[in-house]
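Engineer: return atomic coordinates for the entry below.
(2 chains)
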Amino acid sequence: MRTHISELLISAVSGLQTDGDLPADINVEVCVTRSKDKAHGDFACNLALQLSKATGMAARQLAEKIAARVPEDATVTKIEVAGPGFLNFYLRVGYQVEVLNQILETRDGFGTTREYSNDKVQIEFVSANPTGPLHVGHGRGAAYGATIGNLLEAVGYNVHREYYMNDAGRQMDILTVSVWLRYLELCGETLTFPDNAYQGDYVWDVAAALHRQYGNQFNYPVPLWGSQLSSDGDADQEAYIDALIDKAQELLGENDYNLVAKHASDTISSDIKDDLELFGVRFDNWYSERSLANNDKVRSALDALTRKGHTYNKDGALWFRSSAFGDEKDRVLVRGNGQTTYFASDVAYHLEKFRRGFDQLIDIWGADHHGYIARVRAAIEALGEDPKRLRVLLVQFANLYTGGKKLAMSTRSGEFVTLRQLRKQVGKDAARFFYVMRKCEQHLDFDLDLATSQTQDNPVYYVQYAHARICSVFSQAANRYGKNQLVDADAALLTQEQEQDLVTLLDQFPERVVYAADQLAPHVIVNYLRDLANAFHSFYNACQVLVDDAALRGARLKLIGAIQIVLRNGLALLNVNAPEHM
RNA sequence: GCGCCCGUAGCUUAACCGGACAGAGCAUCGGCCUUCUAAGCCGAGGGUUGCAGGUUCAAAUCCUGCCGGGCGCGCCA
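Structural biologist: Residues are numbered from 1 along each chain as shown, chains lettered A, B, ... in the order given. Below you'll find the model as predicted:
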């Protein structure tokens, strides 16, 4: 309907142009919006206000001229010039009821469109180091990315979801050593576990599994080697950890060290996979950082940069001249000790993404990575790819509160609430809904006490309850009147204000999905569902569905049948269940 | 110090990417269950959109400067 009105307006403008009332060379961008207020009709357009600037004509006067030139239309009953020069369109009562038939016919498909049907888009999210279980901070990125994926799919994109496993580098070495030390303790050794190693209980679990599988194969009595390390290292703990890593590699040898490392990373990765699966978050691919290095992809990406003349050597390190591409300073790719940096892997990884033929790339990162955007973009540009095809979304942190106190969340300290615990406490549906309720650049305060003790107040129940109520009405309708109540129902009987409001809302669902997908804004769907549930609950209290009048009853069943489908489709976008009973 | 994000009712927030009197929820107060689920509905109070300028017919939205909060600024990942 909106595009239809736009067409009417365009025709009016070109009519005025041939009349000579408007200059022929003006740029017309017609923008029709739904009126917020019913007093302003059904649709509104600010065209005259925009054109008055370009033409120098008074806006109201111009609006009158446009209105007079709009072609006759069966649906438009009145065009009014209002305020400073708005054109308000009033439409025939009941013009939207056709949407009910459309919903009941297309069912699951209602809300999906084919707007972007040929574009392949890759969305990379979560991508947490496999050094520990996912915590509630990761949950937001997971829920957000999964929902974005659903939205993009709904508007026709070919979506590929990927998790980048940072399974290489120093953090993994620290994890390996942490597991090995716990393992030694299980073998009966006595040692001081470093404060800056991974403290969490899960490290014990990983070590225990290692011990079950390999027995004492990796045991080296501490008295034989412990004294060789610089004394307990309160001077420099990080150096102490590095020394431990070296010592472990020396004692275990490459093969055994890698066995321990792989055991640790595999165990934790599979735990992460299970966890995400239960959270309703699926990936098409898990891309290993280690595999980049193993396949020489890092080396060849660096060679490509060097060939194009964007690198240089300084102080024994290899640098990328990212400042030539808008970054604030140059970045190190290969350190003086010969090791490549995390950034080097990321350059190779993003190059690889482009090579895989995606039209668009979306990265969802935690807000703490914002300083990273410029250098990744720089690398993409330097390698001859179009940086505009990469969209980076920064998701602000979710702060967790309990007892009014903010919880610190650090994987190394072991002080964190896992995603698994959260899911068990508040449930998958509530957690998923809560995580995407706010726009991603807004900080999210997650009050655990509130979520656990007052689950009744959680808005997800409000929406789910609307769905359950509808299901209940249908089951009673079937009991009293038999099935197939929807056949031949006449939606024109829906004349109550609450019924009209509902039809209008249902009619908006597809455009809201498109908008949410364009903006990568799941909260738009959340708000829509709350509005729809609210309109339904109001209707439910004002109008009886199962009335004696069979015609009216049929019309109302048709209406709530459509609502049921839209609630279900909307909740499905969020991976939230639509229960039949509550 | 420099850079990015944010500041809206007591609290948590929305506002269709410049539009009409800034909408909700929680909390507070007052009503509604012998009719389809009261996890609901109806009503009331509560706002100088952090502050000060600027652009515009029109600013929560755009620009400038302050104030306040978060995050980042490694040959860490």
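Engineer: flag the shaky bits of chain A, pLDDT-wise.
Structural biologist: A:27-28, A:230-235, A:402-415, A:448-456, A:484-487 (pLDDT under 70).
Engineer: kindly recompute the last result at 50.
Structural biologist: A:233-234 (pLDDT under 50).
Engineer: hey, which helix is longest across it?
Structural biologist: helix A:237-278 (DSSP state H).
Engineer: which strands and helices sit next to that helix?
Structural biologist: helix A:170-186, helix A:201-214, helix A:419-426 (3 or more Cβ pairs under 8 Å, 6 or more residues apart in numbering; DSSP states H and E). For the C-beta atoms, the positions are set from N, CA and C on the backbone; glycine is no exception.
Engineer: JSON lines for those, including distance to RNA strand B?
Structural biologist: Formatted as JSON lines, the helices and strands packed on helix A:237-278 follow (distance: least, Cβ to the nearest atom of the strand, whole Å):
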{"stretch": "helix A:170-186", "distance to RNA strand B": "4"}
{"stretch": "helix A:201-214", "distance to RNA strand B": "17"}
{"stretch": "helix A:419-426", "distance to RNA strand B": "12"}
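Engineer: and those helices as CSV, adding mean neighbour count?
Structural biologist: Below are the helices and strands packed on helix A:237-278 laid out as CSV (neighbours: other Cβ atoms under 10 Å):
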stretch, mean neighbour count
helix A:170-186, 22
helix A:201-214, 17
helix A:419-426, 19
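Engineer: what number of residues lie near the residue lying closest to A:Leu51 once chain neighbours are set aside?
Structural biologist: Using Cβ to Cβ, 6 or more residues apart in numbering and skipping the chain neighbours, the partner closest in space to A:Leu51 is A:Leu62 (5.9 Å). A:Leu62: 24 surrounding residues under other Cβ atoms under 10 Å.
Engineer: likewise A:Leu520?
Structural biologist: 20.
Engineer: ok, it to RNA strand B distance?
Structural biologist: According to Cβ to the nearest atom of the strand, to the nearest Å, A:Leu520 and RNA strand B sit 11 Å apart.
Engineer: what's near enough to touch that residue?
Structural biologist: A:Ile148, A:Leu151, A:Ile362, A:Arg391, A:Leu393, A:Cys440 (Cβ atoms under 8 Å, 6 or more residues apart in numbering).
Engineer: my guess is the fifth one contacts A:Asp363. True?
Structural biologist: Yes - using Cβ atoms under 8 Å, A:Leu393 is in contact with A:Asp363, at 7.1 Å.
Engineer: looking at the two, which is more packed in?
Structural biologist: Shown here are A:Leu393 and A:Asp363; by other Cβ under 10 Å, A:Asp363 has more neighbours (24 against 18).
Engineer: so that one belongs to a helix, correct?
Structural biologist: No - read with DSSP: H, G, I helix; E, B strand; the rest coil, A:Asp363 is strand and lies in no helix.
Engineer: where does the residue nearest to A:Leu51 fall, phi/psi-wise?
Structural biologist: phi -60, psi -40 (degrees, to the nearest 10).
Engineer: near RNA strand B, which residues of the stretch 151-300 of chain A? Just list them.
Structural biologist: A:Asn166, A:Ala168, A:Gly169, A:Arg170, A:Gln171 (Cβ under 7 Å from any atom of the strand).
Engineer: farthest-separated two in those?
Structural biologist: For those, the farthest-apart pair by Cβ to Cβ is A:Asn166 and A:Arg170; their separation is 10.6 Å.
Engineer: related to what we said a few turns ago, which one of the residues of the stretch 151-300 of chain A next to RNA strand B sits closest to A:Ala533?
Structural biologist: A:Asn166 (40.2 Å).
Engineer: the closest one: what's it in contact with?
Structural biologist: A:Ser127, A:Ala128, A:Asn129, A:Pro130, A:Met172, A:Glu289, A:Tyr342.
Engineer: so the fifth one sits against A:His263, correct?
Structural biologist: No - in this structure A:Met172 lies outside contact range of A:His263 using Cβ under 8 Å: 11.9 Å.
Engineer: can you count the residues close to whichever residue of the stretch 101-250 of chain A sits closest to RNA strand B?
Structural biologist: Taking Cβ to the nearest atom of the strand as the measure, the stretch 101-250 of chain A has A:Gly169 as its residue closest to RNA strand B, at 3.1 Å. For A:Gly169, the neighbour count with other Cβ under 10 Å is 17.
Engineer: next one: the closest residue to it other than its chain neighbours from RNA strand B, what distance?
Structural biologist: Nearest residue to A:Gly169 in three dimensions, chain neighbours excluded: A:Tyr342, at 6.0 Å (Cβ to Cβ, 6+ apart). Taking Cβ to the nearest atom of the strand as the measure, A:Tyr342 falls 4 Å from RNA strand B.
Engineer: what's the neighbour count on A:Glu238?
Structural biologist: The number of residues near A:Glu238, taken as other Cβ under 10 Å, comes to 12.
Engineer: give the contact list for it.
Structural biologist: A:Asn196.
Engineer: A:Leu87 now?
Structural biologist: Counting by Cβ under 8 Å, 6+ apart, A:Leu87 has contacts A:Leu9, A:Ala44, A:Cys45, A:Asn46, A:Leu47, A:Ala48, A:Ala63, A:Ile66, A:Ala67, A:Ile79, A:Glu80, A:Val81.
Engineer: isn't the fifth one right up against A:Val30?
Structural biologist: This points to A:Leu47. Yes - using Cβ under 8 Å, A:Leu47 is in contact with A:Val30, at 5.7 Å.
Engineer: which one's more surrounded, those two?
Structural biologist: A:Leu47 (25 against 18).
Engineer: ok, that one to RNA strand B distance?
Structural biologist: 9 Å.
Engineer: for that residue, what are phi and psi?
Structural biologist: According to degrees, to the nearest 10, A:Leu47 has phi -50, psi -50.
Engineer: now do the same contact list for it.
Structural biologist: A:Leu9, A:Val13, A:Val28, A:Val30, A:Cys31, A:Ala63, A:Ile66, A:Leu87.
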